[in-house]
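>>> sharing a sequence plus its predicted fold:
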Amino acid sequence: MAARKALNSEDVLHCVFSEFSTDKFDYQRDDPLHSESARRGVLAQSACVCKAFRDIALPVLWTHLHNLAPFFRLLSTCKTVQETYLGPRALDEGPVPQEELKRLRYYGALIRSVAWNNRATPKTPGFYDYIEGSSLKQLRRLVGDAPDPLLPNLDILSWKLTLTVDPASLSILMSPNLKTLQMDSVYDRGEWQPLLEQLLLMSLPTASGLEHLSLKFNGYYSELRLSSELTRPISGLCSLRSLVLLFPTHNTWNEIRLDVVVDALQLLAPLTRLERLEFRPGHIIAGSTVPPPGSQRDVLFPNLQQLKFHVISCGPSGRILLQTLRAPSLRHLEAIYEYRDNAELKGAFAVTARCFPNLQSFWSRISHDDEGDHTWDDWLSPLTEVISPLLSMRSVEILVMPGGLRPEFTVGDADIDAISAAWSHLRVLNLAGFPPPMPTDEVEWEDIE
């Protein structure tokens, strides 16, 4: 009797069925429901038991999806393209009964998140189920130009682009309620640049309430780079608080002039609410009309709190980029500084200190350019010789600067004393990997291995 009363409680049922949600699945645990399909199967079977179970189990079943394959399978025209372990599906051309379209909208209203769960390592072939990008065009034809969004309550959308996707069709998945949009691409050669530019131009106006946008393209064959055509549609997202722009830097296909990068960034000035920026525009080369340092007077992002550079040159191009993104409001900076000699690295740190004077957390790696000028006078010099400009930032509380596998600076008592004197509020200091200073006695370099 007690068990029956408990099952009559919606709160109890919700707690029970929530444990079967696919977003909680973790392959690393000893979980008897070792696949997404097993968890979804339990929820689907429970929804058929009674109305009380159905009303709780169905929302849990549809709230979080790893991809839209289950949603497309609601249509009778959804077929398997080829019988492989990847199991791609596509929509055939042909009519669909109105009842199926009504069912599609009913379940579409339950979906809150479409995002890959990195913890859920697949064990069954069905986990790889996905939809061909070309099927969006067919779905758009079936749905028509209805004023109501197909996924009106969607908060998070993660989409892997393929060259077959129709740029105008992705907008049917968008709505003003969408808060997070993540995009990356498959590893395939092709005309990615015009595809992504058209896709953003046609899709982003529908997602006017977007707060987090991530464009991550790391593939060797993704011939993409930052451009004004990419940032212009993004500039209309006035609610945006987090922006990730990562493009490959592997080869000449991704080369981009510095003046093009600066122009593209300046188009983002309407994003006054932006708080976090992760940035890698491509392989930057010198442009014909590089703006001189200090030529941009206004702060581009007045509320920027976090900034991450994957790699930034310590030369003139990197310094101009730092000045373009200067923000007195910045609290956290993470960057890999690539330098040719100690003077260049020290100069980049000086620009950093001027552009971000109120920095509280600084995570950095320093990487020597093997093609740069290198003298024995630079080798194993005290770390404070190059980071001395940073000591003017009195608000620093966290400094993480590991030495790496081939450290080129030393850290001794004098360095620690200088850091402690400059940063009285320091809470975390990580200089792991830097060796102590060399002995004061004269040592022959050839004797050091």
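Yep, that arrived. Numbering: from 1, shown residues only.

>>> and the strands in the stretch 151-300 of the chain?
156-161, 180-185, 212-216, 242-246, 255-257, 276-280, 283-285 (DSSP state E, counting those that start in this stretch).

>>> would a markdown table of those strands with distance to P437 be doable?
(Glycine included, C-beta is placed from N, CA and C.) Shown next, in a markdown table, are these (distance: least, C-beta to C-beta, whole Å):
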| stretch | distance to P437 |
| --- | --- |
| strand 156-161 | 49 |
| strand 180-185 | 45 |
| strand 212-216 | 41 |
| strand 242-246 | 38 |
| strand 255-257 | 41 |
| strand 276-280 | 35 |
| strand 283-285 | 35 |
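
>>> in a markdown table: these, plus mean pLDDT and distance to A57.
Shown next, in a markdown table, are the strands of the stretch 151-300 of the chain (pLDDT from 0 to 100; distance: least, C-beta to C-beta, whole Å):
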| stretch | mean pLDDT | distance to A57 |
| --- | --- | --- |
| strand 156-161 | 85 | 21 |
| strand 180-185 | 88 | 25 |
| strand 212-216 | 93 | 29 |
| strand 242-246 | 94 | 33 |
| strand 255-257 | 80 | 50 |
| strand 276-280 | 93 | 36 |
| strand 283-285 | 74 | 50 |
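
>>> low-confidence ranges in the stretch 101-250 of the chain?
116-130, 186-189, 219-222, 250 (pLDDT under 70).

>>> let's see that with 80 instead.
Counting by pLDDT under 80, the stretch 101-250 of the chain has low-confidence residues at 115-134, 144-147, 160-164, 185-191, 218-223, 249-250.

>>> the stretch 301-449 of the chain too?
368-380, 403-407, 437-449.

>>> on that earlier part again, now the strands of the stretch 151-300 of the chain in JSON lines, with mean neighbour count?
Below are these laid out as JSON lines (neighbours: other C-beta atoms under 10 Å):
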{"stretch": "strand 156-161", "mean neighbour count": "19"}
{"stretch": "strand 180-185", "mean neighbour count": "20"}
{"stretch": "strand 212-216", "mean neighbour count": "19"}
{"stretch": "strand 242-246", "mean neighbour count": "20"}
{"stretch": "strand 255-257", "mean neighbour count": "17"}
{"stretch": "strand 276-280", "mean neighbour count": "20"}
{"stretch": "strand 283-285", "mean neighbour count": "18"}
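
>>> tell me which of those sits nearest to C78.
Of all the strands of the stretch 151-300 of the chain, it is strand 156-161 that lies closest to C78, at 17.8 Å by C-beta to C-beta.

>>> report the inter-axis angle for that closest one versus strand 180-185.
With axes from the mean of the first three to the mean of the last three C-alpha atoms, to 10 degrees applied, the angle from strand 156-161 to strand 180-185 works out at 10 degrees.

>>> run through who's touching strand 156-161.
112-116, 130, 133, 170, 173-174, 178-186, 192, 195-196, 199 (C-beta atoms under 8 Å, 6 or more residues apart in numbering).

>>> one step back: which one of the strands of the stretch 151-300 of the chain lies closest to L431?
strand 276-280 (24.5 Å).

>>> CA atoms only for the closest one, dumped as CSV, please.
In CSV, the C-alpha atoms belonging to strand 276-280 read as follows (Å, rounded to 0.1, in the frame of the first residue of the first chain):
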residue,chain,number,x,y,z
ARG,A,276,33.8,35.4,-22.4
LEU,A,277,35.7,35.1,-25.6
GLU,A,278,37.8,32.1,-26.8
PHE,A,279,39.7,33.0,-29.9
ARG,A,280,41.8,31.4,-32.7
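
>>> returning to what we had before: out of the strands of the stretch 151-300 of the chain, which is closest to A327?
strand 276-280 (9.2 Å).
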